[in-house]
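1. Predicted model and sequence follow; I will ask about them next.
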Amino acid sequence: MSHPTASQPSPVREWQISSARLTLLQTPGRPVALKWEDLFDEEPPNRNAQGPVITEFGPFETVQLVVQTRPGRADLVLTPGPAGAAMEIPTLGRFPGSTELFNKRIVEWAEKFPPVLRLAFGAQLFMPASSVEEANSLLEEIIGIPGLKLEHVRDFLLQTNVPRESTAEAGGRINRLTKLLAQQLRTFDITNSGVQLGAVAMAAGMELDISTSEERVQDMPAQLVRPLLEELLNTAADLAAAGPNL
């Protein structure tokens, strides 16, 4: 039985994405030598330090990139810019199309990354719905289990990890963690006086966390970082298109 590929549309609607994250994991407690300057060859527009946690952030095209490091871990997080006057749900756009540049850059940055033990790519996806009933109906179609009825459900959550053998690393494994849920999203706007909260909207949500195996005990060979990154990104797009493949 064939499954939709990353180039095919979602069987229901196209996903919107509210954030994307690349995580570099090292031996616990080991300092992570990765800074905004390593990626862009310039000082970060903004920088905050709270103990060992360093957060650097600034514009990335029309959105915002956050580079956060702490002992044993570095995160590169893509988030929307401030909401407009319409107080819309913050979104980067359609997935996977809206993250193509981010994906391209993190693959190019692979040669600048410090030694890593594991890699992980995460994404927060949603499909707007007018009600919890519509959100549940969308989830029924996405999950695709015959006979699944969620019309009377109010707090639905399905979390699965269906690992697959890696195509980039012989003997390796890719964890494919997905979480499907009906969720409430709140609009917000950032003003001079702070964050202004807006209306609550319903959505069908999918949270993706695609990662390399936790069984690795030594640093990943440098030549594997780029192909494994590409595999994680492609896997995320495939899961968004085809669902969790239960």
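-> Okay, I see it.
2. pLDDT below threshold where in the chain?
-> 1-13, 29, 82-88, 186-199, 245-246 (pLDDT under 70).
3. Run through the helices of it in chain order.
-> 36-40, 100-108, 132-143, 222-242 (DSSP state H).
4. can you tell which of those is closest to Gln124?
-> helix 222-242 (11.3 Å; Cβ to Cβ). All C-beta spots, glycine's among them, are computed from the backbone N, C-alpha and C.
5. The closest residue to Val116 other than its chain neighbours: neighbouring residues, count only.
-> Distance criterion Cβ to Cβ, 6 or more residues apart in numbering; nearest residue to Val116, sequence neighbours excluded, is Leu24 at 4.7 Å. Neighbourhood size, Leu24 [other Cβ atoms under 10 Å]: 22.
6. so what's Leu24 up against?
-> When contacts are counted by Cβ atoms under 8 Å, 6 or more residues apart in numbering, Leu24 touches Val32, Leu34, Arg73, Ala74, Asp75, Phe113, Pro114, Val116, Arg118, Leu119.
7. picking that back up, could I get the helices of the chain in TSV, plus columns for distance to Thr62?
-> What follows is the helices of the chain, written out as TSV (distance: least, Cβ to Cβ, whole Å):
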stretch	distance to Thr62
helix 36-40	16
helix 100-108	10
helix 132-143	28
helix 222-242	20
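8. out of those, which comes closest to Gly93?
-> Taking the helices of the chain one by one with Cβ to Cβ, helix 100-108 is closest: 10.1 Å.
9. follow-up on the earlier one: what's the farthest-apart pair in the contacts of Leu24?
-> Longest span within the contacts of Leu24, Cβ to Cβ: Leu34 and Arg118, 14.7 Å.
10. Looking at these two, which one has more neighbours?
-> Taking other Cβ under 10 Å, Leu34 and Arg118 do not tie; Leu34 has more neighbours (23 against 19).
11. Surely the more buried one is in contact with Thr69?
-> Yes: because the distance of 5.8 Å satisfies Cβ atoms under 8 Å, Leu34 is recorded as touching Thr69.
12. mind checking how far the residue positioned nearest the centre of the chain is from Ala49?
-> Ranked by distance to the mean C-alpha position of the chain (Cα atoms, centre = their mean), the top residue is Ala123 at 1.7 Å. The spacing between Ala123 and Ala49, counted by Cβ to Cβ, to the nearest Å, is 28 Å.
13. hmm, back to that, what would the helices of the chain look like in TSV with mean neighbour count and distance to Thr160?
-> Shown next, in TSV, are these (neighbours: other Cβ atoms under 10 Å; distance: least, Cβ to Cβ, whole Å):
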stretch	mean neighbour count	distance to Thr160
helix 36-40	17	33
helix 100-108	16	24
helix 132-143	20	10
helix 222-242	20	10
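14. Out of the ones you listed, the one nearest Arg173 is which?
-> Among the helices of the chain, helix 222-242 comes nearest to Arg173, with 11.1 Å by Cβ to Cβ.
15. helices and strands around that closest one, which ones?
-> Using 3 or more Cβ pairs under 8 Å, 6 or more residues apart in numbering; DSSP states H and E as the contact test, the elements touching helix 222-242 are helix 100-108, strand 118-129, strand 173-191, strand 194-212.
16. got the angle for it vs strand 118-129?
-> 20 degrees (axes from the mean of the first three to the mean of the last three Cα atoms, to 10 degrees).
17. could I get helix 222-242 in CSV with only the CA atoms?
-> This file holds the C-alpha atoms of helix 222-242, laid out as CSV (Å, rounded to 0.1, in the frame of the first residue of the first chain):
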residue,chain,number,x,y,z
ALA,A,222,30.8,14.6,11.1
GLN,A,223,30.0,13.1,7.7
LEU,A,224,26.7,11.8,9.0
VAL,A,225,25.3,15.1,10.4
ARG,A,226,24.1,16.5,7.1
PRO,A,227,22.4,13.4,5.7
LEU,A,228,20.8,12.7,9.0
LEU,A,229,19.5,16.3,9.2
GLU,A,230,18.0,15.9,5.7
GLU,A,231,16.4,12.6,6.8
LEU,A,232,14.8,14.2,9.8
LEU,A,233,13.4,17.1,7.7
ASN,A,234,12.0,14.7,5.1
THR,A,235,10.5,12.5,7.7
ALA,A,236,8.6,15.4,9.3
ALA,A,237,7.2,16.4,5.9
ASP,A,238,6.1,12.8,5.2
LEU,A,239,4.3,12.5,8.6
ALA,A,240,2.5,15.8,8.0
ALA,A,241,1.3,14.6,4.7
ALA,A,242,0.4,11.0,5.5
